[in-house]
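Chemist: Okay, sequence plus prediction incoming.
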Amino acid sequence: MGNHGSNLDDILAEDMHHWYNKFMKESPSGLITLFELKAILNLRGMTENANSYVDQVFFTFDMDGDGYIDFVEYIAAISLLLKGEINQKLKWYFKLFDQDGNGKIDKDELVSIFAAIQDITRNRETDPEDIVSIIFERIDVKGEGEMTLEEFIEGAKDHQDIMDMLKNLMDLTPVLVIIVEGRML
């Protein structure tokens, strides 16, 4: 998705006061709704899959489940994406992938998420079903057709190619660049 290294360095250098001012300028109520997030990111005319994916991202960052992203959740999300440890990121990916919230990821959930990501990024180099087949072939060693959080984390960490694939697919740097450059509301 391009080289955003210098932008990420700039983002990391920002102080909390600056982030707070930016957040309050763009969301004077101190809360961001799902509708506002879609407006901030200029997401219009998305497919149903892409729309569901954005909804799922919002709900994973809405940690208290109140329907809003407040400043603490906003900073936690940015911090996770920029500086999070690999286990933290994998847990977040898992929560995002587990669309039905049953504590397991199945093939349909992953295909749906990866297709949605491709709808948003317009990057369709690899068929989502091929990606999911590779992930399940390597990580779902029991052949159950689903993975728990523990299986997902351990399996991903044991396969560098899977980790690289996830990092590339889940790269939200362009979203952060939009936020930082102030192209909000």
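Modeler: Received, thanks.

Chemist: which residues does the residue of the chain positioned farthest from its centre contact?
Modeler: Distance from the C-alpha centroid of the chain peaks at Lys142, with 27.2 Å (CA atoms, centre = their mean). Contact analysis of Lys142 by CB atoms under 8 Å, 6 or more residues apart in numbering lists nothing. Bear in mind the C-beta positions are built from the backbone N, C-alpha and C, glycine included.

Chemist: if you set the cut-off to 10 Å instead, what comes out?
Modeler: By CB atoms under 10 Å, 6 or more residues apart in numbering, Lys142 lies in contact with Glu151.

Chemist: Can you tell me how far it is from Phe136?
Modeler: For Lys142, the distance to Phe136 (CB to CB, to the nearest Å) stands at 11 Å.

Chemist: quick revisit: helix, strand, or coil at the residue farthest from the centre of the chain?
Modeler: With DSSP: H, G, I helix; E, B strand; the rest coil as the basis, Lys142 sits in coil.

Chemist: Kindly state the pLDDT recorded for Val72?
Modeler: We have a pLDDT of 85 for Val72.

Chemist: What is the burial count for it?
Modeler: 10 (other CB atoms under 10 Å).

Chemist: My read is that it contacts Asp62, right?
Modeler: No - with contact defined as CB atoms under 10 Å, Val72 does not count as touching Asp62 (11.2 Å).

Chemist: Please enumerate the strands of this structure.
Modeler: Counting by DSSP state E, the chain has strands at residues 31-32, 69-70, 104-106, 146-148.

Chemist: Would you mind giving the ones you listed as TSV with mean neighbour count added?
Modeler: Converted to TSV, the strands of the chain look like this (neighbours: other CB atoms under 10 Å):
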stretch	mean neighbour count
strand 31-32	20
strand 69-70	21
strand 104-106	22
strand 146-148	19
